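Asks: Sequence below, structure please.
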Amino acid sequence: MQGNTSGVIPAANAASAYVGRLAPTPTGYLHAGHARTFHQAWQRARTAAGCLILRIEDLDESRCKPEYVDAVFEDLRWLGIDWDGEVVFQSRRKIVYCTAWRRLLERGWIYPCPRSRKDLGTLAPHAEEPVFPSAWRSPVPSPDRYAGPEGTNWRFQVPDGVSVVFEDALKGRIQKTAGIDFGDFLVWNREGVPSYELAVVVDDHAMGITEVVRGEDLLTSTARQILLAQALGYNSPRWCHTPLVCDAHGRRLAKRSGSLSIQTLRSRGASPADVLGFVTG
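Replies: The predicted model follows:
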C-alpha cells in the first residue's frame, strides 16, 4: 500500500487557484462510472493548471480492503490519471474528525440518537433514502456530558424548512429543502466511525478544495455538506456533478457491477481510450 503515512494533508500548490480531488472508497473495484467522474475531475484540474489530490476514503475498516486500494492506484494510472503530492488516507485522520465532532456538539448542532438505519427503513420500506422524522429527535445535550462520540449514533439537526441552494457546473441551480428532501443525518455511528458527510467536509476544508467533482447521485449529500460546513464555520467549494453511467438494464453502476469494473474491462482487452470513449461518448 502506498501513500501518506502521517495522515497529514499535503499542502496544495499556493500558486494554483484551482484545487480538486479524487476520492475513491476502496470497498470494491472501480467501475466505468468512476472512470467518467475521475477523468472529468482530472481534466478540469489540468485545464485550470490546478492541483489534484488523491484521497482514499477508507473509514469503514470492515469493508475497505488493501487489494482495492492497490487497484485504485493501478486503474487510475492505466487511465492516464495522475495526481499531485502524497496520497491521503482518511483512516489516519480520525482525531481530526473527532475535533470537528466536538465543535458541532459545543455549537449545539448534534445530538445522540438511539435510532438505527433499520428503524428508519421501517418508515418507508421502499424509499431509497427515507427522511429522518423530527419527532425522533433527542435533545441536544450539554457538551460536558460527553468526552467523545463513541458508543452511540450522533445526528446533525437540520434547520427544518431552510432551502439549501447551490450552483452546479453541469446541472445549474439546485435546491434542496431541509426537513423535506432530507432530514437529520448521521455524523458519527455507534461503532466509532465518522460519517462520509462529516469526513469529506473536514477534509475538503483542510485540503483547500475549490471544486468537488463527483456523481449526480450525491446532490442531496451536497446540501447536507453545505449545512455542515456552515455549522463548522467553513466556506464550501464549488460543485460539479457528473451524469451517472448505467448498465444495459438502465441501472446505475455500483461496485457489485463486476462486468463493468475497470479491472474486468482491462482483462477483456479494452484500452484506456475504449473505456473513456464508452463513458464520455
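Asks: buried residues in the strand or helix carrying H205?
Replies: Using DSSP states H and E, H205 falls within helix 196-207. Buried residues in helix 196-207, counted by 16 or more other C-beta atoms under 10 Å: 196-205, 207. C-beta here means a position set from N, CA and C on the backbone, and glycine is covered the same way.
Asks: from these, which is closest to G172?
Replies: Distances from G172 to the buried residues of helix 196-207, taken as C-beta to C-beta, are shortest for D204 (21.7 Å).
Asks: Pull up the gap between the closest one and V213, please.
Replies: 12 Å (C-beta to C-beta, to the nearest Å).
Asks: What of A23?
Replies: To V213, A23 is 9 Å away according to C-beta to C-beta.
Asks: More neighbours: those two, which one.
Replies: V213 (27 against 24; other C-beta atoms under 10 Å).
Asks: was I right about the more buried one contacting P237?
Replies: No: using C-beta atoms under 8 Å, V213 is not in contact with P237; the gap is 9.9 Å.
Asks: Give me the buried positions along the lengthiest helix in the chain.
Replies: Looking across the chain with DSSP state H, the single longest helix is helix 32-47. Neighbour counts over helix 32-47 (16+ other C-beta under 10 Å) mark 32-42, 44-45 as buried.
Asks: now, which of those sits nearest R107?
Replies: Distances from R107 to the buried residues of helix 32-47, taken by C-beta to C-beta, are shortest for A41, at 31.7 Å.
Asks: for that closest one, what are its contacts?
Replies: 20-22, 52, 213-214 (C-beta atoms under 8 Å, 6 or more residues apart in numbering).
Asks: What of P139?
Replies: Taking C-beta under 8 Å, 6+ apart as the test, what P139 contacts is Y111.
Asks: How about the secondary structure of it?
Replies: coil (DSSP: H, G, I helix; E, B strand; the rest coil).
Asks: now it: how far from C113?
Replies: 11 Å.
Asks: beta partners for the nearest residue to T220 once chain neighbours are set aside?
Replies: Leaving aside its sequence neighbours, T220 sits nearest to F182 (C-beta to C-beta, 6 or more residues apart in numbering; 5.3 Å). For F182, the beta-bridge partners under DSSP bridges are A178.
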